[in-house]
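Colleague: sequence and predicted structure, then a few things I'm wondering about:
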Amino acid sequence: MPEERAGERRYFLDNIRSAAIVLVVVYHIAYIFNSAGVVSNIPVRGIREADAICYFVYPWIMCLMFLVAGISARYSLQKRGEKHFLRERLGKLVLPFFGGVFLLGWLNGWVTSRYVDFFGGREVSPVVKYLFYSLNIGPQWFLLELFLGSVLLLLMRRLDRKDRLWALAGRAGMPLLLSLALPVWASSYVLNTPLVIVFRNGIYWFVFLLGYYVFSHDAVLEKTKRYALPLLAAALVLGCVEVWYFFGKDYASDACLKHPLTNLYLWTMILAILGCGQKYFDFSNAFTKNLNKRSFGIYVCHYPLQVTAAYFILTYLKPPMAALYLLLLPISFGAAFFFYEITVRIPVIRTLLYGTGQSFYKKPGVISEKPSP
(Lines give C-alpha, C1' and ligand atoms only; values in the text may rest on other atoms or scores of the structure.)
Protein backbone atom coordinates (compact mmCIF):
# COMPACT_ATOMS: atom_id res chain seq x y z
CA MET A 1 0.00 0.00 0.00
CA PRO A 2 1.12 3.58 -0.49
CA GLU A 3 3.27 5.79 1.59
CA GLU A 4 1.12 8.16 3.61
CA ARG A 5 2.06 11.39 5.31
CA ALA A 6 -0.15 14.31 6.29
CA GLY A 7 -3.05 12.72 4.43
CA GLU A 8 -1.07 12.26 1.20
CA ARG A 9 -0.42 8.91 -0.41
CA ARG A 10 3.10 8.26 -1.68
CA TYR A 11 2.42 5.84 -4.48
CA PHE A 12 5.68 6.64 -6.24
CA LEU A 13 7.76 5.31 -3.32
CA ASP A 14 5.85 2.04 -3.43
CA ASN A 15 6.38 1.80 -7.15
CA ILE A 16 10.08 2.63 -6.92
CA ARG A 17 10.52 -0.08 -4.30
CA SER A 18 8.65 -2.69 -6.31
CA ALA A 19 10.44 -1.80 -9.54
CA ALA A 20 13.78 -2.04 -7.75
CA ILE A 21 12.97 -5.55 -6.56
CA VAL A 22 11.96 -6.59 -10.07
CA LEU A 23 15.28 -5.21 -11.31
CA VAL A 24 17.15 -7.13 -8.59
CA VAL A 25 15.63 -10.37 -9.91
CA VAL A 26 16.71 -9.50 -13.47
CA TYR A 27 20.17 -8.49 -12.26
CA HIS A 28 20.66 -11.82 -10.51
CA ILE A 29 20.12 -13.72 -13.76
CA ALA A 30 23.06 -11.87 -15.33
CA TYR A 31 25.05 -12.09 -12.09
CA ILE A 32 24.78 -15.88 -11.76
CA PHE A 33 26.58 -16.39 -15.07
CA ASN A 34 28.73 -13.26 -15.10
CA SER A 35 32.10 -13.22 -16.84
CA ALA A 36 33.46 -10.30 -14.81
CA GLY A 37 35.12 -12.35 -12.09
CA VAL A 38 32.42 -11.73 -9.46
CA VAL A 39 31.98 -14.92 -7.45
CA SER A 40 28.56 -16.54 -7.83
CA ASN A 41 26.99 -19.84 -6.81
CA ILE A 42 27.39 -21.34 -10.29
CA PRO A 43 30.91 -20.87 -11.71
CA VAL A 44 29.78 -21.04 -15.33
CA ARG A 45 30.37 -18.12 -17.65
CA GLY A 46 27.44 -16.90 -19.66
CA ILE A 47 27.04 -14.36 -22.42
CA ARG A 48 29.69 -11.72 -21.83
CA GLU A 49 27.56 -8.92 -23.26
CA ALA A 50 24.84 -9.65 -20.67
CA ASP A 51 27.27 -8.47 -18.01
CA ALA A 52 26.42 -4.93 -19.08
CA ILE A 53 23.25 -5.31 -16.97
CA CYS A 54 25.42 -5.87 -13.90
CA TYR A 55 27.65 -2.87 -14.53
CA PHE A 56 24.63 -0.66 -15.14
CA VAL A 57 22.51 -1.77 -12.16
CA TYR A 58 24.85 -2.90 -9.38
CA PRO A 59 26.36 0.48 -8.39
CA TRP A 60 23.07 2.08 -7.34
CA ILE A 61 20.28 -0.48 -6.88
CA MET A 62 20.88 -1.31 -3.21
CA CYS A 63 21.74 2.28 -2.29
CA LEU A 64 18.37 3.27 -3.76
CA MET A 65 16.59 0.68 -1.63
CA PHE A 66 18.33 1.87 1.53
CA LEU A 67 17.46 5.49 0.78
CA VAL A 68 13.79 4.67 0.19
CA ALA A 69 13.84 2.67 3.42
CA GLY A 70 15.16 5.74 5.21
CA ILE A 71 12.26 7.85 3.93
CA SER A 72 9.84 5.16 5.10
CA ALA A 73 11.50 5.07 8.51
CA ARG A 74 10.79 8.79 8.95
CA TYR A 75 7.12 8.34 8.13
CA SER A 76 6.93 5.29 10.37
CA LEU A 77 8.47 7.03 13.38
CA GLN A 78 5.96 9.86 13.02
CA LYS A 79 3.22 7.33 13.72
CA ARG A 80 4.72 5.31 16.56
CA GLY A 81 7.26 5.50 19.36
CA GLU A 82 10.84 4.34 19.13
CA LYS A 83 10.27 1.19 21.20
CA HIS A 84 7.40 0.13 18.97
CA PHE A 85 9.50 0.92 15.90
CA LEU A 86 12.38 -1.22 17.19
CA ARG A 87 10.12 -4.17 18.07
CA GLU A 88 8.53 -3.92 14.67
CA ARG A 89 11.93 -3.97 12.95
CA LEU A 90 12.93 -7.04 14.95
CA GLY A 91 9.79 -8.83 13.76
CA LYS A 92 9.88 -7.63 10.16
CA LEU A 93 13.60 -7.67 9.45
CA VAL A 94 15.57 -9.86 11.87
CA LEU A 95 13.02 -12.70 11.98
CA PRO A 96 12.78 -12.98 8.15
CA PHE A 97 16.57 -12.76 7.94
CA PHE A 98 17.06 -15.91 10.04
CA GLY A 99 13.93 -17.56 8.65
CA GLY A 100 15.08 -16.97 5.09
CA VAL A 101 18.61 -18.16 5.82
CA PHE A 102 17.62 -21.45 7.44
CA LEU A 103 14.51 -22.26 5.40
CA LEU A 104 15.78 -21.22 1.97
CA GLY A 105 19.40 -20.09 2.16
CA TRP A 106 20.75 -23.63 2.32
CA LEU A 107 19.72 -24.05 -1.32
CA ASN A 108 22.38 -21.52 -2.31
CA GLY A 109 25.07 -23.54 -0.54
CA TRP A 110 23.76 -26.83 -1.91
CA VAL A 111 23.95 -25.57 -5.49
CA THR A 112 27.50 -24.30 -4.93
CA SER A 113 28.48 -27.69 -3.50
CA ARG A 114 27.65 -29.24 -6.89
CA TYR A 115 30.69 -27.38 -8.23
CA VAL A 116 32.94 -26.93 -5.20
CA ASP A 117 34.05 -29.60 -2.72
CA PHE A 118 33.56 -27.72 0.54
CA PHE A 119 34.74 -30.57 2.74
CA GLY A 120 37.75 -31.86 0.81
CA GLY A 121 36.18 -35.25 0.13
CA ARG A 122 35.50 -35.97 3.80
CA GLU A 123 32.17 -37.32 4.96
CA VAL A 124 30.26 -34.99 7.23
CA SER A 125 26.86 -35.30 8.83
CA PRO A 126 23.77 -33.91 7.06
CA VAL A 127 23.31 -31.45 9.93
CA VAL A 128 26.80 -30.01 9.44
CA LYS A 129 26.20 -29.79 5.69
CA TYR A 130 22.91 -28.03 6.23
CA LEU A 131 24.38 -25.49 8.64
CA PHE A 132 27.36 -24.87 6.37
CA TYR A 133 25.18 -24.46 3.30
CA SER A 134 22.97 -22.01 5.19
CA LEU A 135 25.93 -19.67 5.65
CA ASN A 136 25.40 -18.67 2.03
CA ILE A 137 22.77 -16.09 2.94
CA GLY A 138 22.21 -14.57 -0.51
CA PRO A 139 20.16 -11.34 -0.65
CA GLN A 140 18.99 -11.81 2.96
CA TRP A 141 21.95 -9.66 4.00
CA PHE A 142 19.89 -6.60 3.16
CA LEU A 143 17.42 -7.29 5.98
CA LEU A 144 20.15 -7.49 8.61
CA GLU A 145 21.94 -4.43 7.24
CA LEU A 146 18.71 -2.45 7.26
CA PHE A 147 18.00 -3.45 10.86
CA LEU A 148 21.46 -2.30 11.97
CA GLY A 149 20.90 0.98 10.13
CA SER A 150 17.61 1.39 11.97
CA VAL A 151 19.35 0.90 15.31
CA LEU A 152 21.92 3.53 14.31
CA LEU A 153 19.09 5.89 13.42
CA LEU A 154 17.49 5.46 16.85
CA LEU A 155 20.81 6.29 18.50
CA MET A 156 21.13 9.46 16.43
CA ARG A 157 17.58 10.48 17.35
CA ARG A 158 18.55 10.17 21.02
CA LEU A 159 21.39 12.63 20.41
CA ASP A 160 19.08 15.05 18.60
CA ARG A 161 15.83 14.92 20.51
CA LYS A 162 14.65 18.26 19.14
CA ASP A 163 15.03 17.09 15.54
CA ARG A 164 17.29 19.99 14.61
CA LEU A 165 19.25 17.99 12.05
CA TRP A 166 16.08 16.95 10.20
CA ALA A 167 14.79 20.54 10.17
CA LEU A 168 18.14 21.80 8.88
CA ALA A 169 18.28 19.16 6.14
CA GLY A 170 14.91 20.33 4.83
CA ARG A 171 16.55 23.53 3.55
CA ALA A 172 18.70 21.65 1.04
CA GLY A 173 18.57 23.04 -2.49
CA MET A 174 19.54 21.31 -5.71
CA PRO A 175 23.21 22.44 -5.59
CA LEU A 176 23.55 20.85 -2.16
CA LEU A 177 21.71 17.71 -3.26
CA LEU A 178 24.09 17.29 -6.18
CA SER A 179 27.12 17.94 -3.97
CA LEU A 180 26.06 15.09 -1.69
CA ALA A 181 27.79 12.87 -4.24
CA LEU A 182 31.04 13.79 -2.46
CA PRO A 183 30.13 12.46 1.03
CA VAL A 184 28.45 9.47 -0.64
CA TRP A 185 31.78 8.75 -2.35
CA ALA A 186 33.62 9.21 0.95
CA SER A 187 31.23 6.83 2.71
CA SER A 188 32.16 4.08 0.23
CA TYR A 189 35.53 3.85 2.03
CA VAL A 190 34.07 3.44 5.51
CA LEU A 191 33.14 0.34 7.54
CA ASN A 192 33.39 -2.18 4.72
CA THR A 193 33.69 -5.77 5.93
CA PRO A 194 36.86 -7.49 4.64
CA LEU A 195 35.42 -10.88 3.62
CA VAL A 196 31.67 -10.48 3.19
CA ILE A 197 31.82 -7.70 0.61
CA VAL A 198 28.06 -7.10 0.48
CA PHE A 199 28.18 -5.44 3.92
CA ARG A 200 29.28 -2.00 2.72
CA ASN A 201 28.14 -0.49 5.99
CA GLY A 202 29.37 3.05 5.47
CA ILE A 203 27.61 3.87 2.22
CA TYR A 204 24.44 1.91 2.95
CA TRP A 205 23.88 3.43 6.37
CA PHE A 206 24.77 6.89 5.07
CA VAL A 207 22.21 6.85 2.24
CA PHE A 208 19.65 5.35 4.64
CA LEU A 209 20.18 8.36 6.92
CA LEU A 210 20.01 10.70 3.94
CA GLY A 211 16.62 9.20 3.16
CA TYR A 212 15.46 9.81 6.71
CA TYR A 213 16.86 13.30 7.26
CA VAL A 214 16.89 14.84 3.78
CA PHE A 215 14.51 13.15 1.36
CA SER A 216 11.57 12.75 3.74
CA HIS A 217 10.95 16.49 3.17
CA ASP A 218 8.30 17.36 0.60
CA ALA A 219 10.27 20.43 -0.47
CA VAL A 220 13.41 18.40 -1.13
CA LEU A 221 11.56 15.75 -3.11
CA GLU A 222 9.91 18.50 -5.15
CA LYS A 223 13.34 19.73 -6.24
CA THR A 224 14.26 16.33 -7.66
CA LYS A 225 10.92 16.26 -9.47
CA ARG A 226 11.57 19.67 -11.00
CA TYR A 227 14.88 18.51 -12.48
CA ALA A 228 13.82 14.92 -13.18
CA LEU A 229 14.52 14.82 -16.91
CA PRO A 230 17.93 16.55 -16.83
CA LEU A 231 18.92 14.25 -13.96
CA LEU A 232 17.76 11.20 -15.89
CA ALA A 233 19.66 12.25 -19.00
CA ALA A 234 22.82 12.79 -16.95
CA ALA A 235 22.38 9.45 -15.17
CA LEU A 236 21.96 7.53 -18.43
CA VAL A 237 25.08 9.15 -19.90
CA LEU A 238 27.06 8.37 -16.76
CA GLY A 239 25.69 4.81 -16.79
CA CYS A 240 26.93 4.26 -20.34
CA VAL A 241 30.34 5.65 -19.39
CA GLU A 242 30.37 3.38 -16.32
CA VAL A 243 29.69 0.28 -18.42
CA TRP A 244 32.30 1.29 -21.02
CA TYR A 245 34.99 2.18 -18.50
CA PHE A 246 34.70 -0.87 -16.23
CA PHE A 247 33.48 -3.55 -18.63
CA GLY A 248 35.54 -6.72 -18.23
CA LYS A 249 36.65 -5.78 -14.71
CA ASP A 250 35.24 -6.97 -11.39
CA TYR A 251 32.30 -4.60 -10.88
CA ALA A 252 32.03 -5.59 -7.19
CA SER A 253 35.66 -4.78 -6.42
CA ASP A 254 36.91 -1.80 -4.44
CA ALA A 255 38.54 -0.45 -7.59
CA CYS A 256 35.07 -0.04 -9.09
CA LEU A 257 32.87 0.68 -6.08
CA LYS A 258 35.21 3.30 -4.61
CA HIS A 259 35.84 5.03 -7.90
CA PRO A 260 34.56 8.63 -8.16
CA LEU A 261 32.82 7.84 -11.48
CA THR A 262 30.83 5.00 -9.90
CA ASN A 263 29.70 7.13 -6.97
CA LEU A 264 28.80 10.11 -9.12
CA TYR A 265 26.79 7.77 -11.33
CA LEU A 266 24.96 6.06 -8.48
CA TRP A 267 24.03 9.33 -6.82
CA THR A 268 22.82 10.96 -10.03
CA MET A 269 20.74 7.88 -10.83
CA ILE A 270 19.13 7.92 -7.37
CA LEU A 271 18.19 11.59 -7.71
CA ALA A 272 16.83 10.90 -11.20
CA ILE A 273 14.71 7.98 -10.00
CA LEU A 274 13.27 9.99 -7.12
CA GLY A 275 12.39 12.81 -9.52
CA CYS A 276 10.98 10.63 -12.29
CA GLY A 277 9.12 8.51 -9.76
CA GLN A 278 7.17 11.54 -8.57
CA LYS A 279 6.66 12.80 -12.10
CA TYR A 280 5.55 9.60 -13.84
CA PHE A 281 4.87 6.84 -11.31
CA ASP A 282 2.85 8.48 -8.56
CA PHE A 283 -0.25 6.38 -9.20
CA SER A 284 -1.92 3.18 -8.12
CA ASN A 285 -3.84 0.54 -10.05
CA ALA A 286 -4.63 -3.14 -9.69
CA PHE A 287 -1.25 -4.22 -11.05
CA THR A 288 0.83 -1.95 -8.80
CA LYS A 289 -1.23 -2.86 -5.75
CA ASN A 290 -0.70 -6.59 -6.34
CA LEU A 291 3.01 -6.14 -7.04
CA ASN A 292 3.52 -3.91 -3.99
CA LYS A 293 1.76 -6.44 -1.79
CA ARG A 294 4.05 -9.26 -2.96
CA SER A 295 7.33 -7.41 -3.50
CA PHE A 296 8.80 -8.19 -0.08
CA GLY A 297 8.00 -11.88 -0.46
CA ILE A 298 9.51 -11.93 -3.95
CA TYR A 299 12.68 -10.36 -2.62
CA VAL A 300 12.99 -12.84 0.24
CA CYS A 301 12.47 -16.03 -1.74
CA HIS A 302 13.51 -15.33 -5.34
CA TYR A 303 17.26 -15.98 -5.27
CA PRO A 304 17.44 -19.51 -3.76
CA LEU A 305 14.70 -20.63 -6.15
CA GLN A 306 16.38 -18.84 -9.03
CA VAL A 307 19.83 -20.34 -8.53
CA THR A 308 18.35 -23.81 -7.98
CA ALA A 309 16.34 -23.56 -11.19
CA ALA A 310 19.45 -22.36 -13.03
CA TYR A 311 21.41 -25.39 -11.80
CA PHE A 312 18.81 -27.92 -12.91
CA ILE A 313 18.23 -26.27 -16.28
CA LEU A 314 21.96 -26.06 -16.93
CA THR A 315 22.64 -29.61 -15.75
CA TYR A 316 19.77 -31.56 -17.30
CA LEU A 317 18.46 -29.53 -20.23
CA LYS A 318 21.85 -28.10 -21.30
CA PRO A 319 20.32 -25.37 -23.47
CA PRO A 320 22.36 -22.77 -25.35
CA MET A 321 23.29 -19.93 -23.03
CA ALA A 322 20.93 -17.46 -24.72
CA ALA A 323 18.05 -19.90 -24.24
CA LEU A 324 19.06 -20.37 -20.60
CA TYR A 325 18.71 -16.63 -19.96
CA LEU A 326 15.32 -16.57 -21.67
CA LEU A 327 14.10 -19.59 -19.72
CA LEU A 328 15.35 -18.32 -16.39
CA LEU A 329 13.63 -14.94 -16.63
CA PRO A 330 9.99 -16.17 -16.46
CA ILE A 331 10.93 -19.10 -14.23
CA SER A 332 12.54 -16.78 -11.66
CA PHE A 333 9.46 -14.59 -11.37
CA GLY A 334 7.02 -17.49 -11.64
CA ALA A 335 8.76 -19.59 -8.99
CA ALA A 336 9.01 -16.66 -6.56
CA PHE A 337 5.38 -15.69 -7.12
CA PHE A 338 3.94 -19.19 -6.64
CA PHE A 339 6.22 -20.02 -3.73
CA TYR A 340 5.12 -16.84 -2.00
CA GLU A 341 1.44 -17.51 -2.71
CA ILE A 342 1.75 -20.95 -1.14
CA THR A 343 3.89 -20.10 1.88
CA VAL A 344 2.02 -16.91 2.80
CA ARG A 345 -0.98 -19.14 3.53
CA ILE A 346 0.95 -21.24 6.08
CA PRO A 347 1.01 -19.33 9.40
CA VAL A 348 4.34 -20.49 10.86
CA ILE A 349 6.22 -20.42 7.55
CA ARG A 350 4.66 -17.06 6.70
CA THR A 351 5.93 -15.53 9.94
CA LEU A 352 9.42 -17.01 9.62
CA LEU A 353 9.91 -15.94 6.01
CA TYR A 354 7.99 -12.67 5.80
CA GLY A 355 7.96 -11.45 9.39
CA THR A 356 5.36 -10.55 11.97
CA GLY A 357 2.26 -8.74 10.87
CA GLN A 358 2.02 -10.68 7.61
CA SER A 359 -1.48 -12.08 7.22
CA PHE A 360 -2.90 -13.67 4.09
CA TYR A 361 -6.37 -12.15 4.25
CA LYS A 362 -5.37 -8.97 6.01
CA LYS A 363 -5.12 -5.90 3.83
CA PRO A 364 -1.58 -4.52 3.93
CA GLY A 365 -1.11 -1.46 6.04
CA VAL A 366 0.56 1.80 5.22
CA ILE A 367 3.78 0.86 3.52
CA SER A 368 5.83 3.24 5.57
CA GLU A 369 5.14 0.87 8.42
CA LYS A 370 6.71 -2.15 6.70
CA PRO A 371 10.36 -2.65 5.78
CA SER A 372 11.65 -1.61 2.39
CA PRO A 373 13.26 -4.80 1.13
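Modeller: Yes, it's here.
Colleague: average pLDDT across the helix or strand hosting Trp244?
Modeller: Using DSSP states H and E, the element containing Trp244 is helix 228-246. On average, the pLDDT along helix 228-246 is 98.
Colleague: got the buried residues for that helix?
Modeller: 228, 231-232, 234-235, 238-239, 242-243, 246 (16 or more other Cβ atoms under 10 Å). Every residue, glycine included, has its C-beta placed from N, CA and C.
Colleague: and if you look at stretch 18-37?
Modeller: Those buried within stretch 18-37 under the rule 16+ other Cβ under 10 Å are 18-22, 24-25, 27-36.
Colleague: what's the answer for stretch 213-223, then?
Modeller: By neighbour count with 16+ other Cβ under 10 Å, stretch 213-223 contains the buried residues 213-217, 220-221, 223.
Colleague: which other residues reach that stretch?
Modeller: The contact list for stretch 213-223 (Cβ atoms under 8 Å, 6 or more residues apart in numbering) reads 67, 70-71, 74-75, 165-166, 169-170, 172-174, 177, 180, 224, 274, 278.
Colleague: which among those residues count as buried?
Modeller: Buried among the contacts of stretch 213-223 (16+ other Cβ under 10 Å): 67, 70-71, 74-75, 165-166, 169, 172, 177, 180, 224, 274, 278.
Colleague: pLDDT check: weakest of those?
Modeller: The lowest pLDDT within those belongs to Tyr75, with 92.
Colleague: separation between that residue and Leu13?
Modeller: Distance, Tyr75 to Leu13, by Cβ to Cβ, to the nearest Å: 9 Å.
Colleague: can you list the weak-confidence ranges in the chain?
Modeller: Residues of the chain that meet the criterion pLDDT under 70 lie in 1-8, 195, 357-373.
Colleague: measure Phe66 to Leu182 for me?
Modeller: Phe66 sits 18 Å away from Leu182, going by Cβ to Cβ.
Colleague: higher neighbour count, these two?
Modeller: With neighbours defined as other Cβ atoms under 10 Å, Phe66 and Leu182 compare such that Phe66 has more, 24 against 13.
Colleague: residues in contact with the more buried one?
Modeller: By Cβ under 8 Å, 6+ apart, Phe66 lies in contact with 145-146, 149, 204-205, 207-208, 211.
Colleague: list just the nearest of the residues you listed to Val196.
Modeller: For those, the minimum distance to Val196 (Cβ to Cβ) is 10.4 Å, reached by Glu145.
Colleague: that closest one sits in which helix or strand?
Modeller: Residue-wise, Glu145 maps onto helix 141-159 under DSSP H and E.
Colleague: what is that helix packed up against?
Modeller: If contacts are counted by 3 or more Cβ pairs under 8 Å, 6 or more residues apart in numbering; DSSP states H and E, helix 141-159 sits against helix 51-77, helix 82-89, helix 95-100, helix 201-213.
Colleague: next secondary structure element downstream of the shortest one?
Modeller: Counting by DSSP H and E, the element after helix 95-100 in chain order, helix or strand, is helix 106-113.
Colleague: same question for the last one.
Modeller: Past helix 201-213, heading to the C-terminal end, the next element that is a helix or strand (DSSP H and E) is helix 218-226.
Colleague: follow-up on the earlier one: quick one, the helix holding Trp244 and helix 51-77 angle?
Modeller: 140 degrees (axes from the mean of the first three to the mean of the last three Cα atoms, to 10 degrees).
Colleague: ok, residues contacting helix 228-246?
Modeller: Counting contacts by Cβ under 8 Å, 6+ apart, the residues outside helix 228-246 that touch it are 52, 55-56, 59, 224, 256, 259, 261-262, 264-265, 268-269, 271-272, 275-276, 278-279.
Colleague: just the ones of the residues you listed in helices?
Modeller: 52, 55-56, 59, 224, 256, 261-262, 264-265, 268-269, 271-272, 275-276, 278-279 (DSSP state H).
Colleague: now render the helices and strands packed on helix 141-159 as CSV, adding distance to Lys318.
Modeller: Below are the helices and strands packed on helix 141-159 laid out as CSV (distance: least, Cβ to Cβ, whole Å):
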stretch, distance to Lys318
helix 51-77, 22
helix 82-89, 45
helix 95-100, 30
helix 201-213, 39
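Colleague: Pro330 is nearest to which of these?
Modeller: Closest approach to Pro330 among the helices and strands packed on helix 141-159 (Cβ to Cβ): helix 51-77, 16.6 Å.
Colleague: before we move on, back to that, could the buried residues of stretch 213-223 go into JSON lines alongside distance to Tyr354?
Modeller: Formatted as JSON lines, the buried residues of stretch 213-223 follow (distance: Cβ to Cβ, whole Å):
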{"residue": "Tyr213", "distance to Tyr354": "29"}
{"residue": "Val214", "distance to Tyr354": "30"}
{"residue": "Phe215", "distance to Tyr354": "26"}
{"residue": "Ser216", "distance to Tyr354": "25"}
{"residue": "His217", "distance to Tyr354": "31"}
{"residue": "Val220", "distance to Tyr354": "32"}
{"residue": "Leu221", "distance to Tyr354": "29"}
{"residue": "Lys223", "distance to Tyr354": "35"}
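Colleague: from those residues, which two are the most distant?
Modeller: Distance extremes for those: the farthest pair is Tyr213 and Lys223 at 15.2 Å, using Cβ to Cβ.
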